[in-house]
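>>> Below are the sequence and a predicted model for it; my questions follow.
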Amino acid sequence: PVAGGEGGRSLSTLLVIGQMALAVVLLAGAGVMIRSFLNVYRAELGFESGNIVVGFVNLPRSQYPTIESQIAFFDRFTDRLQTTAGVESVSLASAPPGRSAGAARYELADSPIADPQRRPLAARLFIDASYFRTLDRPVVAGRAFTEADGGTGFAAAIVNERFAREHWPGEEAVGRRLRVFEANASTPTPWLTIVGVVPDIVQSTRHETDPIIYVPRRLQPAESAWLIARTRVPPASLVTALRRTVQTLDGELPISLVPLTDTFASTYRYRAFTAGLFLMFATIALLLASLGLYAVIAHSVSQRTQEIGIRIAVGASAREILRLVFRQGMLPLGIGLVAGLAASLALTPVLRASLVRVSPVDPITLALSVLVLVAAAL
């Protein structure tokens, strides 16, 4: 019900304006979240993910206290898994494809930077020599890692095509040198010589292609690693066999093996849920705003029945009467749209960290939100 009197009508109009503004904000938020989800879902990963199993291995320090014991275990680990029926290739990495590899600052030998805070950031991934063979992505220039790279061998690095394009567009990246700085430390790694350039592979839950520096695992051994195995059969059918193989090496070592596509599916579900939540609230706000506007106009018309009758009696046409009513309805709509657009421009940038390849103030989304609200109001 709409309160009677001038004060009641003013309050009702203000409520409708607020509902309109809220509907614009939620519609705009739902729009950019849906576009972001579609961008992630349609993104090219840079490799075929269908026949890949991944699992995280963390060696307990009590059983593997030294770097040598950890390296020896992982060598036996990959050798044993490689012999499992149905497995085509096995490798280890500090993060699987599609998951953040962690960023590190770096410096190029041909353009040194004195200020540590001005050194650029890139994703850094520790991998073994079989990594690109497992992902079936051969190098496009130079060579892949060998067992001699890292450790006491040649200090090598591999970069992806985006990294090479950003720093040496149209030039050869192989043979250039760089060094990587550890987080919160001024001590860099030794100078690394770029020995290869590989195609862009997504290394982010946002499914965006970032500059990546690949470093041999032996350069910085760790007690934990991600297993990545390419199979000749559907990956889900090999999960149990792979887990049993791991248990023959260490029956107490916990490991969870899943098809890589399952990890992507969880990312899709989360983004779809978030976009759906925005859309649900936007639909509710749109419905409430439309009903509120309808109630205010209907009440106003019922209060002006005598005035409308007099206007018709003195010659006003039906078109003129409709124009009178529409003008009264468009005023709260117009104010609500302006307020809602201003609020969207102020609030939607909060979503920036969750969006992929779409601006939080995307003009197409804002325009569609306004059109939807205007159509509902009309």
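Alright, I've got the coordinates.

>>> Please count neighbours and contacts with C-alpha atoms only from this point.
OK.

>>> Gly340 and Thr283, how far apart?
As judged by Cα to Cα, to the nearest Å, Gly340 and Thr283 stand 15 Å apart.

>>> And Leu59, by the same measure?
Counting by Cα to Cα, the gap from Leu59 to Thr283 is 50 Å.

>>> quick one: which of Gly340 and Thr283 has more around it?
Between Gly340 and Thr283, counted using other Cα atoms under 10 Å, the more crowded position is Gly340 (26 against 16).

>>> List the contacts of that one.
Gly340 makes contact with 20-25, according to Cα atoms under 8 Å, 6 or more residues apart in numbering.

>>> ok, the closest residue in space to it that isn't next to it in sequence - how many residues close by?
Nearest non-adjacent residue to Gly340, counting by Cα to Cα, 6 or more residues apart in numbering: Ala21, 3.7 Å away. Other residues lying near Ala21 total 29 when counted by other Cα under 10 Å.

>>> What does Ala21 show for phi and psi?
phi -60, psi -40 (degrees, to the nearest 10).

>>> Count residues in the vicinity of Ser237, would you?
Count around Ser237 with other Cα under 10 Å applied: 12.

>>> If you could redo that for Pro211, that was the one I meant.
Neighbour tally, Pro211, other Cα under 10 Å: 22.

>>> Doesn't Ala28 belong to a helix?
Yes: counting by DSSP: H, G, I helix; E, B strand; the rest coil, Ala28 is found in a helix.

>>> which other helices and strands contact the helix-or-strand element of the chain with minimal mean pLDDT?
Every helix and strand of the chain was ranked by mean pLDDT, DSSP states H and E. The lowest is helix 5-42, at a mean of 81. Packing partners of helix 5-42 (3 or more Cα pairs under 8 Å, 6 or more residues apart in numbering; DSSP states H and E): helix 260-303, helix 318-347, helix 363-377.

>>> Gln82: which of the ones you listed is closest?
helix 260-303 (17.8 Å; Cα to Cα).

>>> could I get the following helix or strand past that closest one in PDB with only the CA atoms?
Sequence-wise, the next helix or strand downstream of helix 260-303 (DSSP states H and E) is helix 305-313. Provided in PDB are the C-alpha atoms of helix 305-313 (Å, rounded to 0.1, in the frame of the first residue of the first chain):
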ATOM      1  CA  THR A 305      -9.200  10.800 -11.600                       C
ATOM      2  CA  GLN A 306     -11.300  14.000 -11.300                       C
ATOM      3  CA  GLU A 307      -8.500  16.200 -12.800                       C
ATOM      4  CA  ILE A 308      -8.100  13.800 -15.700                       C
ATOM      5  CA  GLY A 309     -11.800  13.800 -16.300                       C
ATOM      6  CA  ILE A 310     -11.800  17.600 -16.400                       C
ATOM      7  CA  ARG A 311      -8.900  17.600 -18.900                       C
ATOM      8  CA  ILE A 312     -10.800  15.200 -21.200                       C
ATOM      9  CA  ALA A 313     -13.900  17.400 -20.900                       C
END
